[in-house]
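Peer 1: Please find the sequence and the predicted model below.
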Amino acid sequence: MKKLYDEEYKFSVEVTGFLRGDHTEHLCRNGEEIGDKYICTYGCLVNEQGYGICSKMMQILYGDMQAVRSGGNLTLVGGTEANVKDYVCPDGCVCFRMTVEKTGAENFYKGKFYQEEKK
């Protein structure tokens, strides 16, 4: 893959705890551990080892990521701050915190990156 431009936002998702006990064995297929961190700008969240976040969790995060990219404030959808929101995985096992950071790059649509240059 060849990334063609810098994204406007960086998303970090960290495992903050467990709802059922102190481990995820026999509960979580991804083997999450407290402190695990996933990062992306666009695309799917991956950790330092190159493994992706649980696909069920990604479905939940995606809508809020799009809301942020559209200028949204996470407090309007249950976040604790404009750029922070806590989640529980769909299986009710793992707690996550998403933090959003502006990169300073221009918005994809406002920057008209989707338009081809005229020759």
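Peer 2: Perfect, I can see it now.
Peer 1: what about this protein, any weak spots by pLDDT?
Peer 2: 119 (pLDDT under 70).
Peer 1: So which residues of it form strands?
Peer 2: Under the criterion DSSP state E, the chain carries strands at the ranges 9-18, 37-40, 84-88, 94-102.
Peer 1: packing partners for the third one?
Peer 2: Contacts defined by 3 or more C-beta pairs under 8 Å, 6 or more residues apart in numbering; DSSP states H and E place strand 84-88 against helix 55-69, strand 94-102. Quick note: C-beta positions are derived from backbone N, CA and C, even for glycine.
Peer 1: What residues sit buried inside it?
Peer 2: K85, Y87 (16 or more other C-beta atoms under 10 Å).
Peer 1: oh, and call the first residue 53 from now on, that's how I've got it
Peer 2: Taking 53 as the first residue, the last one we looked at is strand 136-140.
Peer 1: between it and helix 107-121, how big is the angle?
Peer 2: On the basis of axes from the mean of the first three to the mean of the last three C-alpha atoms, to 10 degrees, strand 136-140 is oriented at 160 degrees to helix 107-121.
Peer 1: try the longest one
Peer 2: Between strand 61-70 and helix 107-121, the angle formed by their directions is 140 degrees, by the same axes, to 10 degrees.
Peer 1: what does strand 61-70 rub up against?
Peer 2: 76, 79, 84-93, 97, 105, 109, 113, 117, 120-121, 138, 145-155 (C-beta atoms under 8 Å, 6 or more residues apart in numbering).
Peer 1: One more: the shortest one?
Peer 2: Contacting residues not belonging to strand 89-92 are listed as K62, F63, S64, V65, E66, V67, L97, V98, N99, E100, G104, I105 [C-beta under 8 Å, 6+ apart].
Peer 1: Kindly report the same for the last one.
Peer 2: Strand 146-154 is touched from outside by 60-71, 76, 80, 82, 84, 106, 109, 113, 116-117, 120, 126, 135-141, with contacts defined as C-beta under 8 Å, 6+ apart.
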